[in-house]
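In: Next comes the sequence, and after it the predicted model I'd like to discuss.
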Amino acid sequence: MARVLRLLPGPPEEMAAEDVYSGLTFPTSGVEGARPYVAINMVSTLDGKAAVGGKASPIGSAVDRQIMRNIRAAFDAVVVGAGTVRTEEMNLSVTDELAERRKSAARPGQPLGVVLAGAGELPLGRKVFRRQGQQTVVVISGGATPEKTLAEAEEAGVRVLRTETPSLPKPHDVLAVLRDRLGVRNVLLEGGPGVNGSFLSSGVVDELFLTLSPKIAMPRGAFAIAEARTAGHSRAMDFHPISVHCATEEGELYLRYQKRPRSPRA
């Protein structure tokens, strides 16, 4: 069993990897009170890259994947962009043990899986969509997604929820759909960088979980964990640390940050 050292909050304490983030709880709404609470979970190399060879899976270790599932288990919904699903085979579920813990707390065994559709095709053959019956997965789209693509998803048994956005689904619209039509109170974003960037730019991210892997990738054109979708975005957002854990054998750091409240104007 992998061991992890908690560094913050102190004093340092050794624990099993399966216990890291095992008791997470979140507010039932975001800081404004009118939307779901939102967090991002990503993994990054030391040089700030979120993918190697177009995929995030080579970056994190087995311990990182365990901790990722622990984080997922605390949320009502896990959201990814369709581009991430096209790039990498993945699912948005938790282990059977974590599912049983959720059920014992009167929650669905699996978090809701959400895929944000863009202008491209939906990769309906991917594992995310093949898990229907084991985990509920929905697609949320804006006007940029071809109607033919959405019709194919519906024919495959995937529930499609359309927003009024004429282009890509906007974060506020996505959160309104999740809250009003699906009863979601808290949301975990797992990328890609464009999705993360749009939610950050919209000011609707409350927390950030980041695994820092001891690797240098230097890939040409690779994305960071968040990328602005429009030119000219330069506003820095402040977060403060909540906890730091370290897997000494794997050399990974597991960082949790919370959005720093804006200071009132003088």
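Out: Okay, I see it. Residues are numbered from 1 along each chain as shown.

In: quick one: terminal-to-terminal distance for stretch 73-83?
Out: Length of stretch 73-83, first residue to last, Cα to Cα, to the nearest Å: 23 Å.

In: And that stretch, how far out from the chain middle?
Out: 5 Å (Cα atoms, centre = their mean, to the nearest Å).

In: What segments of the stretch 151-266 of the chain are helices?
Out: Ranges of helices within the stretch 151-266 of the chain are 171-182, 193-201, based on DSSP state H, counting those that start in this stretch.

In: Could I get the buried residue list for the longest one?
Out: Pointing back at helix 171-182 there. Applying a neighbour-count criterion of 16 or more other Cβ atoms under 10 Å, one finds 171, 172, 173, 174, 175, 176, 177, 178, 179, 182 buried in helix 171-182. The way it works is simple: take the backbone N, C-alpha and C, and place the C-beta from them, glycine included.

In: between those, which is closest to residue 212?
Out: residue 171 (25.4 Å; Cβ to Cβ).

In: just checking, the closest one touches residue 198?
Out: Yes. In this structure, residue 171 is within contact of residue 198 by Cβ atoms under 8 Å, at 5.6 Å.

In: how about stretch 248-264: buried residues?
Out: By 16+ other Cβ under 10 Å, the buried positions in stretch 248-264 come out as 250, 252, 253, 254, 255, 256, 257, 259.

In: How about stretch 24-35?
Out: Using 16+ other Cβ under 10 Å as the test for burial, stretch 24-35 gives 24, 26, 30, 31, 35.

In: now it, how far from the chain's geometric center?
Out: Centroid displacement of stretch 24-35 relative to its chain, using Cα atoms, centre = their mean, is 16 Å.

In: Pull it out as CSV, backbone CA atoms only.
Out: Extracted C-alpha coordinates of stretch 24-35, given in CSV (Å, rounded to 0.1, in the frame of the first residue of the first chain):
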residue,chain,number,x,y,z
LEU,A,24,-13.8,15.8,1.3
THR,A,25,-17.0,17.8,1.7
PHE,A,26,-18.0,20.9,-0.2
PRO,A,27,-20.6,23.7,0.1
THR,A,28,-23.8,23.0,-1.8
SER,A,29,-23.3,26.1,-3.9
GLY,A,30,-20.6,28.3,-5.3
VAL,A,31,-19.3,31.4,-3.5
GLU,A,32,-22.1,33.5,-5.0
GLY,A,33,-24.7,31.0,-3.8
ALA,A,34,-26.5,30.8,-7.1
ARG,A,35,-24.5,28.1,-8.9
